[in-house]
Structures are given as structure tokens and as C-alpha cells.
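Q: dropping the sequence and predicted coords here.
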Amino acid sequence: MLFIAIIANGQDSYISVTAEKGDGIYSLLRKQGVNPYETYDDFIVMNIANLRDSIHLYEGRNYKIPGTTLDTVPVVDTIQKQATEIKKIKGKSFQIFGERHETVLSKSDKLKGAVYYLISGHGGPDPGAMAVYGNNSISEDEYAYDITLRLAKELLSNGATVYIIIRDENDGIRDDRILKIDHDEVAYPDKAIPLNQVARLKQRVDIVNDLHRKHRGQFQRLIVTHVDSRSKGQNIDVFFYHHAKSKNGKKLAESIHKTFQKKYKKYQPNRTYSGTFEDRTSLYLVKKTHPAMTFIEIGNIRNSKDQKRILEPDNRQALAKWISEGVLLDFESGEIGRIR
């Protein structure tokens with residue numbers, strides 16, 4: 001049973017709740033009717049001494065909930081109901097995110113006028129890299145897609161135009177550790193994905209380049225998300241690749257990379273971040289697509305440490321949020337351009 005305490009300290013008042021088995025930061029905040037995407041960083045700051053690896057909860061410990069005051073405490077169900085009503089009034093609905101996540105609340109117009117193309121790796125007949133976790137098979141495409149959806153929602157909430165190129169209309173954002181493998185993904189808007197690798201990649205290139213022409217003159221960027229599949233024992237950090245001759249692509253990759261460095265320094269000060277950004281023009285999508293782009297490797301699906309980064313839904317949300325913050329940094333610090 002969830003325990004809620006009221007804490008008063010001078011003029012500051014907030015509630016403290018006990019983490020239950022299976023709770024993550026986002027799920028704990030949602031239970032209290034607090035928007036987890038807006039209060040995540042504040043929660044970390046308030047509870048940093050009581051977090052494992054600066055990001056994970058300990059079962060049975062109490063945590064302070066930001067954004068709550070004494071007059072919001074009495075009935076959590078009422079808070080959640082009010083939050084739902086606010087969403088209905090202010091939010092836009094996108095069914096591709098699934099019933100629980102379909103409402104996108106506006107945070108800002110910081111990305112107004114910017115167009116982003118998001119491609120998650122593999123999909124359709126190709127699940128990508130495979131691994132076994134416990135008694136379950138897991139695949140690269142499902143986790144890359146979930147992170148991509150979460151990133152799309154972050155970008156939309158900041159006013160961007162977003163095209164999700166690889167799509168699964170019935171998956172949505174999932175808050176499970178084990179994501180069921182299926183093969184019903186399609187390419188925008190509803191094209192069957194070829195089995196042949198070259199045909200599959202060419203299809204994605206053609207879709208993005210056609211859309212790029214449609215939005216000629218606007219700020220346009222492409223973000224490709226993959227999960228690596230190196231040897232089982234190799235633990236890797238998040239890597240960012242770009243076209244060797246693309247100044248804008250390099251700036252995008254560098255902006256996201258800098259954001260990750262900053263986040264690791266803040267939330268995992270005892271851990272060195274070893275991810276890099278570098279040119280990788282040999283990759284088909286990097287070489288053939290027209291918008292400035294970055295190609296992101298999230299981690300090694302076959303490594304037990306990296307699996308924790310990928311399987312935990314709170315971690316997937318954090319990855320998406322950090323990527324989006326890097327995207328904002330890129331947009332706000334650079335000049336508008338449409339070609340490399």
C-alpha cells in the first residue's frame with residue numbers, strides 16, 4: 001500500500017511517498033498526478049542522495065515529489081482527474097503514441113518552424129539485433145522505436161513538425177521492460193517495408209528526400225536511432241555519427257553529445273561518459289539522405305549493463321529527453337539551413 005506523508009519545512013511544503021517494487025521515477029511521479037516530463041530534473045535534484053546511480057529508486061525508501069503543495073495532497077485520485085481534464089483542454093492527440101500517451105501538452109514554441117524526420121532502425125520483416133533477457137527474446141527494432149516515439153513526443157511538445165518514418169500504429173509508447181516482438185511496422189505513410197536490406201534503406205532515403213523537397217527552405221534535420229549489436233561482453237555508451245562534409249550534421253551530433261556529457265556529469269558523477277560523435281559517411285542513410293542528420297547508437301542489446309539502459313522504461317524516457325534537449329540546443333544555437 002502506497003504511503004504518503006506531508007512534509008513542511010518553513011514555507012516549503014511537499015509530499016513524500018514510498019517507492020514500491022517496480023516503481024521508476026516516471027511511474028512514481030505519474031501516481032501523484034504530477035507531469036513527469038516537466039518535473040523529472042527537479043525530482044533528481046531533490047532526491048539525489050537517495051538514488052542509485054543518480055537515476056534509479058530504492059524500493060521502500062521515501063522520495064520527495066516536486067510540484068506538490070499541501071492543498072494538492074488530500075486526494076491523489078482528484079489530482080489525476082484534474083490533470084486528465086487539463087490535458088483534454090490544452091493537449092493535442094496523436095494516436096500513434098498509444099492511448100496512455102496520446103496527449104501531447106505544449107511546453108513551448110522553441111522548435112516552431114523546424115521539421116524533424118525520425119527513423120528507428122530495422123522494423124517490418126527485420127527485427128534487427130536479437131538477444132535473450134531471462135526467458136524472453138528481445139529485438140533492436142522494438143526498443144529503438146519506443147525511444148523514437150518518446151523523442152517525437154518531446155519535439156512535438158516544443159512546437160516542431162515531426163515525421164515518424166518507421167511506424168507501428170498499434171504499439172504506441174510502452175512502459176514495459178519486455179517489448180513484444182512483432183513485424184507489422186510500415187514506412188511513412190503506410191508502405192510495406194522490404195526484406196532486402198538495400199531496398200529497405202533506399203525506401204527510407206527516398207521518403208525522407210521527398211519530404212525534404214516538400215519543406216524546402218525550412219530548418220530540417222534527420223535523426224536515426226539504432227541499438228548496437230556488438231559482442232556480448234562489450235559495454236558501450238551512446239554514440240553519434242554524422243556526414244563528414246555536413247557542418248550542420250556535425251553540429252547536431254555535437255549538441256546532443258554535449259548534452260549527454262552534461263547529464264552524465266550531473267547524474268552519474270562517478271562514471272566517465274565514453275560516448276563520442278564522429279563522421280561515418282559510409283553508412284547508407286548518412287551518405288544518401290539530404291537533410292543534415294545524426295545517426296545514434298543507443299547501446300549494445302547483447303550486453304547485460306546496456307540492457308538495463310534499454311529495458312527500463314524510465315531510462316528510455318531519459319534518453320529521449322536528453323536527445324531532445326540536444327536538439328533544442330542545436331536549433332537555438334545555429335543558423336537556419338536546409339542543406340549540408
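A: On my side now, so go ahead. Numbering: from 1, shown residues only.
Q: distance check, Glu278 against Gln261.
A: 15 Å (C-beta to C-beta, to the nearest Å). All C-beta spots, glycine's among them, are computed from the backbone N, C-alpha and C.
Q: how about the spatially closest residue to Tyr264 that is not a sequence neighbour, phi and psi?
A: Once flanking residues are discounted, Tyr264 sits nearest to Tyr273: 3.9 Å by C-beta to C-beta, 6 or more residues apart in numbering. Dihedral pair for Tyr273: phi -90, psi 120, per degrees, to the nearest 10.
Q: can you give me the distance of Tyr273 to Gln95?
A: Separation of Tyr273 from Gln95 (C-beta to C-beta) stands at 36 Å.
Q: more crowded one of the two?
A: Higher neighbour count among Tyr273 and Gln95: Tyr273, with 15 against 10, using other C-beta atoms under 10 Å.
Q: so that one touches His257, yeah?
A: No. Here Tyr273 does not reach His257: they are 9.2 Å apart, not a contact under C-beta atoms under 8 Å.
Q: dihedrals phi and psi, Glu38?
A: Backbone torsions of Glu38, given as degrees, to the nearest 10, read phi -90, psi -20.
Q: that one against Ser106, yeah?
A: No. With contact defined as C-beta under 8 Å, Glu38 and Ser106 do not form a contacting pair (11.5 Å).
Q: rewinding a little: give the contact list for the residue nearest to Tyr264.
A: Contact partners of Tyr273, counting by C-beta atoms under 8 Å, 6 or more residues apart in numbering, are Asp237, Phe260, Gln261, Tyr264, Lys265.
Q: and the fourth one, that one's in a strand?
A: This points to Tyr264. No. Per DSSP: H, G, I helix; E, B strand; the rest coil, Tyr264 lies outside any strand segment and is helix.
Q: ok, it - how many residues close by?
A: Counted with other C-beta under 10 Å, the neighbours of Tyr264 add up to 19.
Q: now it: how far from Ser333?
A: Computed as C-beta to C-beta, the Tyr264 to Ser333 distance reads 20 Å.
Q: do the same with Glu312
A: The gap separating Glu312 from Ser333 is 31 Å, by C-beta to C-beta.
Q: same question, Ala292
A: Taking C-beta to C-beta as the measure, Ala292 falls 14 Å from Ser333.
Q: quickly list what's touching both of the two.
A: Lys251.
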